[in-house]
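In: sequence and predicted model, in that order:
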Amino acid sequence: MAETIRKIDYYYVSVPDKPGEASRILTQLHEAGVNLLGFSGFPQGARKAQLDFLPEDPKAFAKAARKIGLTLSAKKTGFLIQGEDRPGAVAELLGKLAAAGINITAVQAIAAGSGVYGGMLWVKSADVRKAAKALGAA
């Protein structure tokens with residue numbers, strides 16, 4: 001199984017950094033029928049958190065997000081990675097970007113069990129096209 005890498009739309013929101021905030025938002029999105037291919041949350045300053053959403057259907061996600069009162073960022077582009085879990089898999093991908101002179105904004109990868117892994121990767125907007133070519137992304 002080779003890696004499948006594809007460009008994907010994503011959005012982020014800034015929310016209060018308090019217990020249950022991400023759970024509340026994810027529950028509301030679920031109840032609205034939104035499927036996420038990826039999600040990430042992390043602190044953003046003293047009392048804020050940033051939540052990143054990689055929706056399967058960006059239009060349905062944006063509609064649901066507005067309905068529940070989220071203020072979304074502008075649409076951004078990232079990469080969704082799925083592949084066979086093996087030593088050095090992520091290092092190989094990052095090496096391709098390094099060889100192309102592309103700086104990575106953020107990357108997350110995790111073994112998903114059953115010999116597969118998944119990840120999300122972000123580069124600056126100006127580098128998306130070049131990164132897609134270097135990674136062989138669809």
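Out: Received it, and whenever you're ready, just let me know what you need.
In: double-check that Lys96 belongs to a helix.
Out: Yes - Lys96 forms part of a helix when assessed by DSSP: H, G, I helix; E, B strand; the rest coil.
In: what sits against it?
Out: Residues near Lys96 by C-beta atoms under 8 Å, 6 or more residues apart in numbering: Ala134, Leu135. (C-beta placed from N, C-alpha, C; glycine too.)
In: per-domain residue ranges of the protein.
Out: Described in terms of automatic domain parsing, the domain architecture of the chain consists of the residue ranges 9-76, 77-135.
In: which of these sits closest to Ala2?
Out: When the domains of the chain are compared by C-beta to C-beta, domain 77-135 sits nearest Ala2, at 6.6 Å.
In: show the end-to-end separation of that closest one, please.
Out: 14 Å (C-alpha to C-alpha, to the nearest Å).
In: then stretch 37-50?
Out: Distances were taken as C-alpha to C-alpha; on that basis the terminal residues of stretch 37-50 are 17 Å apart.
In: may I see the buried residues of that stretch?
Out: The neighbour-count criterion (16 or more other C-beta atoms under 10 Å) identifies Leu37, Gly38, Phe39, Ser40, Gly41, Ala49, Gln50 as the buried residues of stretch 37-50.
In: then stretch 105-118?
Out: Under the neighbour-count criterion of 16+ other C-beta under 10 Å, stretch 105-118 has Val107, Ala109, Tyr117, Gly118 buried.
In: where's the last one relative to Ala65, distance?
Out: Using C-beta to C-beta, to the nearest Å, Gly118 is found at 23 Å from Ala65.
In: just the third one next, same as before
Out: The span separating Tyr117 from Ala65 equals 28 Å under the rule C-beta to C-beta.
In: strands paired with the longest strand seen in the chain, and their directions?
Out: Ordering each strand of the chain by length in residues (DSSP state E) puts strand 4-16 first. Strand 4-16 has its sheet partners listed here by DSSP bridges as strand 48-55 (antiparallel), strand 76-84 (antiparallel).
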